[in-house]
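Visitor: Okay, structure incoming, though there's no sequence with it:
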């Protein structure tokens, strides 16, 4: 039986869930700083995106979803999808226009390195969903935050680099479709695993009416379908925008 206590606490039973808000003062201080930064972004899309990213992070780490992710692997997957598929692209949009004078600084260099951002993000996703590392992250607060920081950080890098190349359709679309394919593959492998893989959830799912294997299959499906659709949706939106834009010669032959 798994005995370690995750950062978000012992997995709750249904009657306890709505009392399990995470009021960690260090976390709340970081979120307050992020909210201040978001409020100072330029008006319009950068500020709205920054505030949206802040809201997603607050939902992921402060709301009872944090505690529920200690009980259910499927909730942990949903938590990770919020980080890489919602918070990361919103924060990338907020950072899409760097401050004046930034020039060709380090952030600009990272934004241009799409060929490195894609494998870095894939590596983070696969490593932290490998059962041994996943279990280690739920038994150590330091590893837990390493997991969250690497998923969000590489996700932010990926989306920032992808957005920086959105005017060049082939690399932009290739990056999005690569992420969609690998997310679907990882989700499928988890869904069709013949036995439960994640030790921290072996004794915490039954209260929610799920066996550990059913919970794992649900988590795999969340990664396989909704998470993959984030990248497919971004690719389709870009393609639709391209079709609406007039040709450089005004559409004349």
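Guide: Great, that's in hand. Just so we're clear, the structure is a prediction, and the values are computed from it rather than from any experiment.

Visitor: ok, which stretches of this protein are helices?
Guide: Secondary structure of the chain by DSSP state H: the helices cover 25-39, 45-61, 65-71, 73-82, 88-94, 106-111, 114-128, 131-137, 141-164, 169-191, 212-222, 228-244.

Visitor: Next, the buried residues of the second one.
Guide: Yep, that's helix 45-61 we're talking about. 46, 49-54, 56-61 (16 or more other C-beta atoms under 10 Å). For the C-beta atoms, the positions are set from N, CA and C on the backbone; glycine is no exception.

Visitor: Mind telling me which of the helices of the chain the model trusts least?
Guide: Of all the helices of the chain, helix 106-111 carries the lowest average pLDDT, namely a mean of 61.

Visitor: between the buried residues of helix 45-61, which is nearest residue 186?
Guide: residue 60 (19.6 Å; C-beta to C-beta).

Visitor: re the thing from before, of the helices of the chain, which is nearest residue 10?
Guide: Here helix 65-71 is closest among those (C-beta to C-beta), at 6.4 Å.

Visitor: Pull up the gap between residue 198 and residue 72, please.
Guide: With distances taken as C-beta to C-beta, to the nearest Å, residue 198 is found 10 Å from residue 72.

Visitor: Those two - which one has more neighbours?
Guide: Using other C-beta atoms under 10 Å as the criterion, residue 198 and residue 72 rank with residue 72 on top: 24 against 21.

Visitor: what's near enough to touch the more buried one?
Guide: For residue 72, the contact set (C-beta atoms under 8 Å, 6 or more residues apart in numbering) comprises 11, 201, 204, 205, 208, 210, 215, 219.

Visitor: Near the residue nearest to the second one when sequence neighbours are not counted, how many other residues are there?
Guide: What that stands for is residue 201. Leaving aside its sequence neighbours, residue 201 sits nearest to residue 73 (C-beta to C-beta, 6 or more residues apart in numbering; 4.8 Å). Residue 73: 28 surrounding residues under other C-beta under 10 Å.

Visitor: I'd like to check which residues are in contact with residue 73.
Guide: Shown in contact with residue 73 (C-beta under 8 Å, 6+ apart): 198, 201, 205, 212, 215, 216, 218, 219.

Visitor: for these, which one is nearest residue 40?
Guide: residue 219 (37.0 Å).

Visitor: show me what contacts that closest one?
Guide: 72, 73, 74, 76, 77, 78, 190 are the contacts of residue 219 under C-beta under 8 Å, 6+ apart.
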